[in-house]
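**Q** Give the three-dimensional model of this entry:
(chains A and B)
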Amino acid sequence: MIGIRRLPRRARGFLVVAAAWAITAVVGLVIAGTVTGPGPASAGPAGHTGGVRNPIGWNGNLYPLGPPGSGMAEKTTVAGAGAKAGYSVPVPSDPAASRANLTQAWVNGNTIPSEERQVALVFDNGKVQILMHRSTYQSALRYFRAFVAEKDLNRVTAALGQVNGRPALVITPDTDALTHSNPATVNFWRNGILISIYSHTYGTDTLLAIASSMR
Amino acid sequence: MEPIRGSARRLASLIALGCLLGAATAAGTTFLSAAPAPADTSSCSAAVANVEGGRSSFHYGVNGEAYVNTSTTVNAYNDGFVRSFGVIVDNNNWVEIGWSAHIAGTTSPQAFAEWDNNGTPGAKNYKLVSYGTDPGFQIQNVGHIEIFRFYFNTETSPFAYSPTMTFNTGQPIGNSERHNWCQSLYAHMQNLADQLSDGSFETWDDWSWCLNDSARNPYYIHKDSSTEFHVTATSPNFTTCV
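**A** This next block holds a predicted model:
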């Protein structure tokens, strides 16, 4: 106040206007900032580092062998899949997966050699998937044992089990170290075919029951 | 009394003028700072999209170089940003190599190897890559033992090995991937090749497989040759994509 008294009248007026301007501008900006919220995140190295990379750019639960129209797979029937793959395709008879709730059957297209063609059966709109391809018993058993032995790479709860007296690989769902969201999986060998059953809905007990019912 | 009343009136006028100017300043600053935003960034949200090219035939490995986008592009939204190559059999069995940022433990662009073994995922992050460069990546299946080796640039030793997988061959692809729909999918993939049974590599030849699910903020795949493609915002795709 002492300073102001010493200033000329016009200067005092200027100071009053400036002070009112500054106070109002600051209060106004604070209110605007509160109402509109923070702006977009600033560019920089920090950010989300969680989540998973995923090259499967389609609905893998419904189309395990590739998206419709891709040429990777053809939609067919169980009999048609067997004819194209060159082996008999077994089907389960379990409440969770049976001919009654078979949603789709797929087989690899002509770009894949017939001896390598996979068959995929999708049940209950993707709740259960069964994939199969040719394999020797020795090869299947070697894979099961390798999967359990390579704990440092697979980092999931897995064990050897049995399906109808034959060795099987059983993987517990949601136990992988990376995402904690792996599907329940049962693999087993039957009549020259390695069969893989996957589900994000059911546990391994149900998948083992499905496996045992396959004929 | 008259001089005092006049002085008070003058003081009130000056304060009112100051408040008016202050309000105008606050409003102007608020609106001007908001006006030039290039997009409604407040509505940008998580949404995965992929634009991919590849062969529908099966091969033992894949090779390619993937352009590392500028810092401005990669870090615009701090969400997952991936450029990669893969060998895919089905949705639960594949191997992948490339670079990523803001996802799966990576922040700045960083090389990685990843796989899905029978539904069980695994990954290893490797060296940082520089913006504006074209690092090389290669996956090899040596000896057909269902184990894949991951190579970075011209390094002679693999930086990662897959576990034993259920397959020896799969479909080779190049993948541009984003995890926020506002992000760019711009990509440049070159020196595309796949591995044959004898271990040698061949070009992608007459490749024509493509996938594009970038309907929101669309990007398109452009085939340059048997060894190169771009993903840009210019339509259309070079062929019908799934």
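**Q** shaky segments in chain B?
**A** Filtered on pLDDT under 70, chain B yields the residue ranges B:1-42.
**Q** so where do the helices sit in it?
**A** Under the criterion DSSP state H, helices of chain B are mapped to B:2-34, B:71-74.
**Q** Now find how far off-centre stretch B:159-178 is within its chain.
**A** Computed by CA atoms, centre = their mean, to the nearest Å, the chain-centroid distance of stretch B:159-178 equals 18 Å.
**Q** Quote the end-to-end distance of that stretch.
**A** End-to-end distance for stretch B:159-178, by CA to CA, to the nearest Å: 25 Å.
**Q** buried set for it?
**A** B:159-160, B:162-178 (16 or more other CB atoms under 10 Å in any protein chain shown). Any C-beta I mention is one placed from the backbone N, CA and C, and that applies to glycine too.
**Q** does it come close to chain A?
**A** Yes. Stretch B:159-178 lies within reach of chain A by CB under 8 Å from any CB of the partner chain, at B:Tyr161, B:Ser162, B:Pro163, B:Thr164, B:Thr166, B:Thr169, B:Gln171, B:Ile173, B:Asn175, B:Glu177.
**Q** Over to stretch B:68-78?
**A** Yes. Counting by CB under 8 Å from any CB, chain A has neighbours in stretch B:68-78: B:Ser71, B:Thr72, B:Asn75, B:Ala76, B:Tyr77, B:Asn78.
**Q** Now, of those, which are buried?
**A** Buried among the residues of stretch B:68-78 next to chain A (16+ other CB under 10 Å): B:Ser71, B:Asn75, B:Ala76, B:Tyr77, B:Asn78.
**Q** returning to what we had before: what two of the residues of stretch B:159-178 next to chain A are the furthest from one another?
**A** Farthest-apart pair in these is B:Thr164 and B:Glu177; separation 26.5 Å (CB to CB).
**Q** what's the average pLDDT for stretch A:100-116?
**A** For stretch A:100-116, mean pLDDT rounds to 93.
**Q** Grab the CA positions of stretch B:94-110 and hand them over as PDB.
**A** C-alpha atoms of stretch B:94-110 as PDB (Å, rounded to 0.1, in the frame of the first residue of the first chain):
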ATOM      1  CA  TRP B  94       3.000 -70.200 -33.400                       C
ATOM      2  CA  VAL B  95       6.400 -68.500 -33.100                       C
ATOM      3  CA  GLU B  96       7.000 -64.800 -33.600                       C
ATOM      4  CA  ILE B  97      10.000 -62.300 -33.700                       C
ATOM      5  CA  GLY B  98      10.200 -58.600 -34.200                       C
ATOM      6  CA  TRP B  99      10.200 -55.400 -32.100                       C
ATOM      7  CA  SER B 100       7.600 -53.900 -29.800                       C
ATOM      8  CA  ALA B 101       7.100 -51.000 -27.400                       C
ATOM      9  CA  HIS B 102       4.800 -50.300 -24.500                       C
ATOM     10  CA  ILE B 103       3.800 -53.900 -24.100                       C
ATOM     11  CA  ALA B 104       4.900 -57.300 -22.700                       C
ATOM     12  CA  GLY B 105       7.800 -55.700 -20.700                       C
ATOM     13  CA  THR B 106       9.000 -53.400 -23.500                       C
ATOM     14  CA  THR B 107       8.900 -49.600 -23.300                       C
ATOM     15  CA  SER B 108      11.200 -48.200 -25.900                       C
ATOM     16  CA  PRO B 109      11.300 -50.200 -29.200                       C
ATOM     17  CA  GLN B 110      13.000 -53.500 -28.300                       C
END
